[in-house]
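J.: I'll drop the sequence and a predicted model, then ask my questions.
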Amino acid sequence: MVRWRWFTVRVLLLVTLVGLNACSGCTDDNTANNGTNNRTEPDTEVPAGSRLEHVADGGTCSPAQPICPRDVTFSSSLALKVRLVDADGNPIDNTSINFELRAMTAAGTTLSAASGISDTSGFGSTDLRAGTTAGTVEVNVTAGGAESGVAPIKFIVAVNSKGASSYVVTFNHAGTADLKDVRVRAFEINTTCAQIAEDHVRETTPGVNPTLTAVTQQSNIAQADGTLPQIVIPNVPNGTAYSIEARAYSRDNEEVEAAWGCKDSNPPIVDGMSVTVVVDLVDNLPRLKGTYDVTHEFNIQQAICMKDAQGNYAGALPSGVCTAIDLIGRLATDPGSFLVGDSMNDGLLHLIVDFLPDGSIKDSINSFINNGFIQNLAGDVINDFARDWINNNAPAWVRNLVNITGDIYESLKRFKVNGTIRILAEPRPEYDAQSGSVIGILVPDMDGNKPGRQVWNEVVIFWTGECAAGPNFEACRQRTFSANDVGTDSVVEGFFDGTMLPISDPMNPGYGLHINEHTLTLNYGVFLLGILEKIILPSVFGDQSVTSLEAALDKLIQGIFGGANGCDGFGEWINDTVGGGGAIGETVCNNLLSQAGDFVREYMTENLTVSGEDNFLLGTPDGEPCRLNEPALYAGEWAVKPLPYVESLGENRPMMECKWNLKLKYGSAATSVIETDGTFWGTRSGF
């Protein structure tokens, strides 16, 4: 018996040795060419343009797919096979193929081999051996080492229990946002995308909480070249279906949700077969709704108060506005002409008379101010007083009348105002096939009210005054007053719509706002009255208490004729000079003091207005939308987390401000147009 056993052992040893000698180098089919421990020859040089491809082998992935989703059941094996080819599709053999297992949520799942060598057909493979924990694993495949230049490809494998499979979520993205993290949430199938979208709005609105709860969620990261991941939801039981929501986050600001999408009415898992869901990701437009404090500046170089051959105003502005402008200029350089006019120009008294009721008083005043002798004599006396006051009492800077006049006209031509722009509703997102991106439309409400409103409520006046030359000169000479200073609620008001557009600048992409051309009601009189009463009068008279026309006229009359209020002296002077008419002169004086301020103020604030459907038109130029700037940093709990929002309209520095295109129509039929440009910029002051 012992002899027989020894014979049997010797036979088995012999068979084993023969078998080993005959099959040297043979391995199992699923791990062919994966052993590298004894390999001494170098890799075949990989030519430029070579690539790795997925091999179907029972899967559904195409060769060109960078990511291949697969399913495997607990405690079973799955062959992961790839092929290495050159740019022409020819196989590359004898090259290292590496399989790296990472991003595991399925504990216990392993690979049979982590590396191998491509065979003569370019194939390389390994086996994935599933454990008994549901989840996903990612297998990253590379070829030829880091120096080869071959792009890696991936398998994402769902490890499922028996009778379950996976939901595979892929994405379409036609926007311009640079996406990185993509997060998917699965809701019960009876939850619609409309409900999910409403909940998304609740979640991203300050002070409001969401109401829906996801069944499960998964995430993955887009590649550096922008290729979006495929996200696998594992272990979905047969008969189960989900509505899928996806959120993608900015590569630059990883806390900011840059795109959103949803897909409902998806099919259930049947017979353990996976379901692929395609979600369209739409870029989130930056939150625009809110209030912005805005500074505007216009460069109106054309003549705004031109006169025709007959001396009548034929410019863009109403004749009353031009009269007021001339009056302001003449107050600084010719006070007598300012009050009673001259042979070429009306004076302040002419404006006042326009408002007096017909009758003997109006006729007497007209007779008085139209008397050439009186007109010239009064003007000379007033100017003599003004010259004496300037030379002996006024601050030194007032003696330079050229500066005064220059400041006035600079304030009118370098037209600078502060105000607000209010966006009352978020733009409605729409896909623009021409640009291949998402745009936003500012849509009027159900009653036709436009969603944008702007108000100009402060004017900035340039007034040199006692500002000394130096680095602070410009800041010193800019004086600001509000519309409330002259008793009105708003200087300019207009309503607009428009479009939020992507800015096609590869170095600085983003969004811009095109504001459609719209009408504003511009009350020039408010500006002019403010210039006159708040800046010019106190400066010319050297007395900060002289902030009204009434006070200025009283100051002039008292300085010339004396008296408690000047009117008695004025009447006596007329009697002494003309030999009568003192009573009329005193009446003129009293009417002037009691009514002049009210009349001129009413004239300027109510009548000197450019109004109408299209007489004052403003909009951003075509092709030059106002850049919308997001915060440089999104840190902590900002007001509209997690969506991006607009922090400023343009920037307050040269060449970065937003642009205006301004049209002033004038003439009897508003057929003539002055067209000029301007700038604006603003910062958010409220949501």
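T.: Nice, I can see it.

J.: Pretty sure Lys659 sits against Glu624.
T.: Yes. Lys659 is within contact range of Glu624, at 5.3 Å (criterion: C-beta atoms under 8 Å). (Glycine included, C-beta is placed from N, CA and C.)

J.: what residues are up against the residue lying closest to Cys626 once chain neighbours are set aside?
T.: Using C-beta to C-beta, 6 or more residues apart in numbering and skipping residues adjacent in sequence, the residue nearest Cys626 is Cys658, 3.4 Å away. Contacts for Cys658 (C-beta atoms under 8 Å, 6 or more residues apart in numbering) come out as 620, 626-627, 649-650, 679-681.

J.: if we can go back for a sec, more crowded one of Lys659 and Glu624?
T.: Higher neighbour count among Lys659 and Glu624: Lys659, with 15 against 12, using other C-beta atoms under 10 Å.

J.: The residue lying closest to Gly619 once chain neighbours are set aside: neighbouring residues, count only.
T.: Nearest residue to Gly619, sequence neighbours excluded (C-beta to C-beta, 6+ apart): Glu517, at 3.5 Å. Other residues within reach of Glu517, judged by other C-beta under 10 Å, total 16.

J.: so what pLDDT did Arg5 get?
T.: At Arg5, the model reports a pLDDT of 44.

J.: do you know how far Val459 is from Lys663?
T.: Look at Val459 and Lys663: by C-beta to C-beta, to the nearest Å, they are 21 Å apart.

J.: Please identify which of those two sits among more neighbours.
T.: Shown here are Val459 and Lys663; by other C-beta under 10 Å, Val459 has more neighbours (27 against 16).

J.: hang on, the more buried one packs against Lys534?
T.: No. Using C-beta under 8 Å, Val459 makes no contact with Lys534, being 9.5 Å away.

J.: Quick one: the helices in the stretch 101-250 of the chain, in order.
T.: 193-203 (DSSP state H, counting those that start in this stretch).

J.: Tell me where it is predicted with low confidence.
T.: Across the stretch 101-250 of the chain, nothing is flagged by pLDDT under 70.

J.: What strands line up against the longest strand along the chain, and which way round?
T.: For the chain, the longest strand by residue count, based on DSSP state E, is strand 672-686. Using DSSP bridges, the strands paired with strand 672-686 are strand 290-299 (antiparallel), strand 648-649 (antiparallel), strand 658-666 (antiparallel).

J.: Buried deepest among these, which one?
T.: strand 648-649 (a mean of 22; mean count of other C-beta atoms under 10 Å).

J.: contacts for that one?
T.: Strand 648-649 has contacts (C-beta under 8 Å, 6+ apart) with 292, 294, 421, 513, 626-629, 658, 680-684.

J.: Same question for stretch 274-281.
T.: Contacts of stretch 274-281 (C-beta under 8 Å, 6+ apart): 69, 71, 158, 165-175, 179, 184, 228, 236, 241-242, 244, 246, 248, 259-263, 266-269.

J.: still on that earlier bit, which of the contacts of Cys658 sits closest to Ile92?
T.: Using C-beta to C-beta, Arg627 comes nearest to Ile92 of the contacts of Cys658, at 49.1 Å.

J.: May I ask you to confirm that the closest one belongs to a helix?
T.: No. Counting by DSSP: H, G, I helix; E, B strand; the rest coil, Arg627 is not part of a helix but strand.

J.: I'd say Leu501 and Gly510 touch.
T.: No. Counting by C-beta under 8 Å, Leu501 does not reach Gly510; the two are 10.0 Å apart.

J.: Comparing the two, which residue is more hemmed in?
T.: Under the neighbour definition other C-beta under 10 Å, Leu501 and Gly510 were set side by side, and Leu501 has more, 19 against 16.

J.: Can you spell out which helices and strands pack onto the helix or strand that contains that one?
T.: Using DSSP states H and E, Leu501 sits within strand 498-503. Judged by 3 or more C-beta pairs under 8 Å, 6 or more residues apart in numbering; DSSP states H and E, the packing partners of strand 498-503 are strand 437-442, strand 510-515.

J.: and these, which one's lowest on average pLDDT?
T.: Looking at the helices and strands packed on strand 498-503, the bottom one is strand 437-442 with a mean of 88.

J.: Pairing partners for the next helix or strand after it, with directions?
T.: Downstream of strand 437-442, the first helix or strand assigned by DSSP H and E is strand 452-462. Using DSSP bridges, the strands paired with strand 452-462 are strand 414-423 (antiparallel), strand 478-482 (antiparallel), strand 492-496 (antiparallel).

J.: Out of the helices and strands packed on strand 498-503, which is closest to Arg428?
T.: strand 437-442 (4.8 Å).

J.: what angle do that closest one and strand 414-423 make?
T.: Calculated by axes from the mean of the first three to the mean of the last three C-alpha atoms, to 10 degrees, strand 437-442 forms an angle of 100 degrees with strand 414-423.

J.: any idea which element Cys476 lies in?
T.: When elements are assigned from DSSP H and E, Cys476 belongs to helix 473-477.

J.: any low-confidence regions in the stretch 551-687 of the chain?
T.: Checking the stretch 551-687 of the chain against pLDDT under 70 turns up 556-566, 574, 576-582, 585, 592-597, 599-600, 603-604, 607-613, 635-637, 666-671.

J.: all helices for it, in order.
T.: Going by DSSP H, counting those that start in this stretch, the stretch 551-687 of the chain shows helices at 567-578, 582-602.

J.: what's the spacing between Gly135 and Ile156?
T.: Applying C-beta to C-beta, the value for Gly135 to Ile156 is 11 Å.
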